[in-house]
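> structure of the sequence below:
(one chain, ligands or ions: 1)
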Amino acid sequence: MQKSILILGACGQIGTELTMALREKHGSGSVVASDIREGSKTLMDSGPFELLDATDYEAIENVVMHYEIEEVYLMAAMLSATAEKFPMRAWNLNMNSLFNVLNLAKDKKIDKVFWPSSIAVFGPNTPKDETPQHTMMEPSTVYGISKQSGERWCEYYHKKYGVDVRSVRYPGLISWKTQPGGGTTDYAVEIFHKALSDKKYTSFLTEWTKLPMMYMDDAIRATINLMEAEPEHLQIRSSYNLGAMSFAPRELAACIKEHIPDFEIFYAPDFRQEIANTWPASVDDSKASQDWGWEPAFDLEKTTDVMLKSLKGK
Ligand code: SER
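The predicted model follows:
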């Protein structure tokens, strides 16, 4: 049976690739992309698109009714670094969009919701290595506070109203098709662009700042697998830890140097360093493996290889 799906924030870093992957799977016509702005030509030409503000309940409801949408993926959000500059705007966007979608599910207008959380839910008092699923959180950024609150609301809507909401805590995501915007982990994408164009890069995080990271193909596969899992297997309705690899800028630079021997890296940490200091270095994602069979496929070497090859070919 074909499912009809709506993606909010379809033109962003994750949204673009998720839209294409879901269209491939379910047929172009049944996956409606939406965003507050138009996206890449590939995305716009590949199926239905609606200009939509994720904070506007009525507008979303109209699209949901018009296309008889069953599942919503809410990918619109303001990321960590930008959110520190616009705290109220970030809170309003990140929370109101989530309530809009959760309320549509509560009122049985849609059947299933995907909402992304992040490693930003953790804070300075969280154990840094192999961060457990259940642990001290205390996020200290606006973005992290919105994601942790969102997790609590997802679990609440599931328990109280039976809403089928599913979520993962994405690590930093590395992709070549669409650039990220306003995140603390963005250096791990910028570095590839600069390595190819300038053979040098100045990192806004120090050389030893180790963070959990993931190649986009793994992130998309995780998202789709979680959404397809049998509901009775899912013990976590806040958000699952999700891991693939962990590295610091110096390790990524060393890996790039194997392909581009004269590549140079410099360090000029800025306000994003403070954010990164509060996040885990690696996460324990064994709950995701147990409950829905999560297994990453891309390590640092494979990611570096595919990033350089794909960006060169672009
Ligand atoms: N990649 C995001 C950020 O850096 C974390 O979820 O804000």
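
> beyond the one helix or strand Ala276 maps to, next helix or strand please.
Using DSSP states H and E, Ala276 maps to helix 271-277. Counting by DSSP H and E, the element after helix 271-277 in chain order, helix or strand, is helix 286-292.

> which strands or helices does that next one pack on?
helix 216-228, strand 240-241 (3 or more CB pairs under 8 Å, 6 or more residues apart in numbering; DSSP states H and E). Backbone N, C-alpha and C define where each C-beta goes, glycine included.

> pull the residues that contact that helix.
133, 168, 222, 225-226, 229, 233-236, 240-242, 294-295 (CB atoms under 8 Å, 6 or more residues apart in numbering).

> how about that helix: buried residues?
Residues Lys287, Ala288, Asp291, Trp292 are the ones in helix 286-292 that count as buried (16 or more other CB atoms under 10 Å).

> chain center to it, what's the gap?
18 Å (CA atoms, centre = their mean, to the nearest Å).

> what about Lys309, distance to the ligand?
Counting by CB to the nearest ligand atom, to the nearest Å, the separation of Lys309 from the ligand is 23 Å.

> cool, Arg166 as well?
From Arg166 to the ligand the distance is 17 Å (CB to the nearest ligand atom).

> and Asp291, by the same measure?
21 Å.

> find the nearest non-adjacent residue to that residue, please.
His233 (5.2 Å; CB to CB, 6 or more residues apart in numbering).

> mind checking pLDDT for the one you found?
Per-residue pLDDT puts His233 at 98.

> repeat that for Lys3.
Taking Lys3 on its own, its pLDDT is 86.

> do the one 4 residues further on as well
Each residue has a pLDDT score; the one for Ile7 is 98.

> who does it form a beta bridge with?
Beta bridges link Ile7 to Ala33, Tyr73, judged by DSSP bridges.

> count of neighbours near it?
28 (other CB atoms under 10 Å).

> does it touch Ala21 like I think?
No. With contact defined as CB atoms under 8 Å, Ile7 does not reach Ala21; the gap is 10.5 Å.

> the one helix or strand Phe192 maps to: what's the following helix or strand?
Here Phe192 is covered by helix 187-197, with elements defined by DSSP H and E. Per DSSP H and E, the first helix or strand lying C-terminal to helix 187-197 is strand 200-203.

> check whether that following strand comes near the ligand.
No. On the criterion CB under 6 Å from any ligand atom, strand 200-203 is out of touch with the ligand, staying 13.9 Å away.

> what strands flank that strand, and is each parallel or antiparallel?
As assigned by DSSP bridges, strand 200-203 forms pairs with strand 264-267 (parallel).

> how many residues are close by Ile236?
So Ile236, with other CB under 10 Å, has 21 neighbours.

> what of Asp284?
By other CB under 10 Å, the burial measure for Asp284, its neighbour count, is 17.

> identify the residues contacting it.
Contacts of Asp284 (CB under 8 Å, 6+ apart): Glu130, Thr131, Pro132, Gln133, Asn241, Gly243.

> repeat for Thr126
Thr135, Met136, Met137, Glu138, Pro280.

> now do the same for it: its pLDDT.
pLDDT, Thr126: 98.

> next one: it from Tyr143, what distance?
15 Å (CB to CB, to the nearest Å).

> worst-scoring helix or strand of the chain, pLDDT-wise?
Within the chain, no helix or strand scores below helix 41-45, which has a mean of 95 by mean pLDDT, DSSP states H and E.

> what does it contact?
So helix 41-45 is in contact with Ala10, Cys11, Thr16, Thr19, Met20, Ala33, Glu38, Phe49, going by CB under 8 Å, 6+ apart.

> give me the number of residues near the third one?
It refers to Thr16. Thr16 has 24 nearby residues by other CB under 10 Å.

> before I go, just wanted to say thanks for your time.
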